[in-house]
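Student: from the sequence below, what's the structure:
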Amino acid sequence: MLNVCDQFPFVRSRLQDIYLDSAATTQRPEYVTKKMLALLESGVSNIGRSNYSSAERWKAVYSESREIVKSFISGTRGELIFTSGFTEGSNLLATSLSRFNLKPEDEVLYTPRDHDSFTKPWLKAAQAENSFKLLPVERDGYGAVSVDDIKNSITANTKIILVTHGHNVSGRLFELSQLRKSIRQDIWIVVDGAQSMSHTKIECDNWGVDAFIFSGHKMFASFGVGGLWLSTRLFDVLQPVKFGGGGIEGPQVFEPGTPNLDGVLSLKLAVEYLNEIGIAEIEDYLKSLTKYLYENILQIQHVTLKYDIRLHTLATMLPIVSFSVENISASEVGDVLSENGIALRTGTMCTGITTGNLDGLVRASLHIYNTKSDIDSLIEYLTFMKAY
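Tutor: From the prediction side, this is the model:
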């Protein structure tokens, strides 16, 4: 059983809210913040422009960070581009491929109620004259998309499949290990890994995916940094769409300008922290919290889950629950919980843009610094709200 609360100053102090909004962003452990501060205070320098000792030290940090993150996602056979976050990685991929690789007859499969940062760049690209076709694969009443759903939507013109590994509303994990072996080898698989990155083992090479996109701030790293991992075959055809000073070969072709060294360092440290705990231990602990969360919230009759749940599937879900409270708006629920020291998310969760709003949702999401007592507090106030 994990016990890492003392490693997170925000949680350790308990002077602020019980934090149940990790699907939006994670808190930072001391391992990341203290080591970042120490290196920054030792002197900073730009890289690739000088060869004095400080510049060489930061160049080594930048290069080492790339390899450490690639190893963490089991992507050593591909290339990793550092980005400003998930949104930039998603836009880079959609813009470049639609401009230089996709033809009007080509088809891209997507799921409409996936996160806007994943779907909107492709929706925008599809609006261009003589652009590709964007075709939907809908989630079912359990918030899931199956391999068969995707397989049955593939045609001779399918070029790309957009897949969310862990959904930010339903918490459902997609079976990436089964997709590649079920479809044509020439189809590119693009994965939204923002939610799953720090929750479960990532195996880009073994899954046979072609792109894996993630953000640092959802995995204990800084804001404003993320990554776009690419298989060799996709990297070799991708063309840059942003230009400036910097590298002229390899992934740095896609990283013009002064790099976000602070952010990249935080990614390296966050991965080291996750490796120190162990992804298997993190998975086991979060599975126990997910089971406890759902078992208790299902007992509250005036709380309705956005998606139906099969209890036997909880072991393959992220610790996320989205729900509404009878006769009380989502914003009111959020206000009451905030007044009682519980921080969580309300609203559309950035998923309603293409098929109408997910109105009146409240979302609780957990991570390794949460405990069953945090869940007990949430359940206590939600139970009370029937009389509110």
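Student: what's the helix or strand for Ser377?
Tutor: helix 372-384 (DSSP states H and E).
Student: skipping its backbone neighbours, what lies nearest the residue with the largest distance to the centre of the chain in space?
Tutor: Centroid-distance maximum for the chain: Tyr52 at 37.0 Å, with C-alpha atoms, centre = their mean. Nearest residue to Tyr52, sequence neighbours excluded (C-beta to C-beta, 6 or more residues apart in numbering): Ser45, at 7.3 Å. For glycine as for every other residue, the C-beta is placed from the backbone atoms N, C-alpha and C.
Student: pLDDT value on that neighbour, please?
Tutor: The model reports Ser45 with a pLDDT of 88.
Student: ok, back up a step: so which bits of the helix holding Ser377 are buried?
Tutor: Residues of helix 372-384 classed as buried: 374-375, 377-379, 381-383 (neighbour count, 16 or more other C-beta atoms under 10 Å).
Student: and of the residues you listed, the nearest to Tyr273?
Tutor: Asp374 (20.7 Å; C-beta to C-beta).
Student: next, the nearest residue in space to the closest one that is not next to it in sequence: phi, psi?
Tutor: With sequence-adjacent residues excluded and distances taken as C-beta to C-beta, 6+ apart, Asp374 is closest to Ile18, at 4.9 Å. Per-residue torsions, Ile18: phi -70, psi 120 (degrees, to the nearest 10).
Student: which residues does Ile18 bridge with?
Tutor: Assessed by DSSP bridges, Ile18 has beta-bridge partners Ile342.
Student: ok, now which ones touch it?
Tutor: When contacts are counted by C-beta atoms under 8 Å, 6 or more residues apart in numbering, Ile18 touches 341-343, 370, 374, 377-378.
Student: farthest-apart pair in these, please.
Tutor: For the contacts of Ile18, the maximum inter-member distance is 13.8 Å, found between Gly341 and Asn370 (C-beta to C-beta).
Student: got the domain boundaries for this structure?
Tutor: 5-29+279-387, 33-274 (automatic domain parsing).
Student: one step back: so what touches the helix holding Ser377?
Tutor: For helix 372-384, the surrounding residues in contact (C-beta under 8 Å, 6+ apart) are 18, 20, 289, 292-293, 296-297, 299-300, 303, 325, 333, 336-337, 340-342, 344, 364, 366.
Student: same question for it, mean pLDDT?
Tutor: Mean predicted lDDT for helix 372-384 stands at 96.
Student: same thing with stretch 155-171?
Tutor: pLDDT averaged over stretch 155-171 gives 97.
Student: what about that stretch, start to end distance?
Tutor: Stretch 155-171 has an end-to-end distance of 29 Å (criterion: C-alpha to C-alpha, to the nearest Å).
Student: which residues of the stretch 201-350 of the chain fall in helices?
Tutor: Along the stretch 201-350 of the chain, counting by DSSP state H, counting those that start in this stretch, helices occupy 204-207, 232-235, 261-277, 279-297, 330-339.
Student: give me the angle between the fourth one and helix 261-277.
Tutor: Between the direction of helix 279-297 and that of helix 261-277, the angle (axes from the mean of the first three to the mean of the last three C-alpha atoms, to 10 degrees) works out to 80 degrees.
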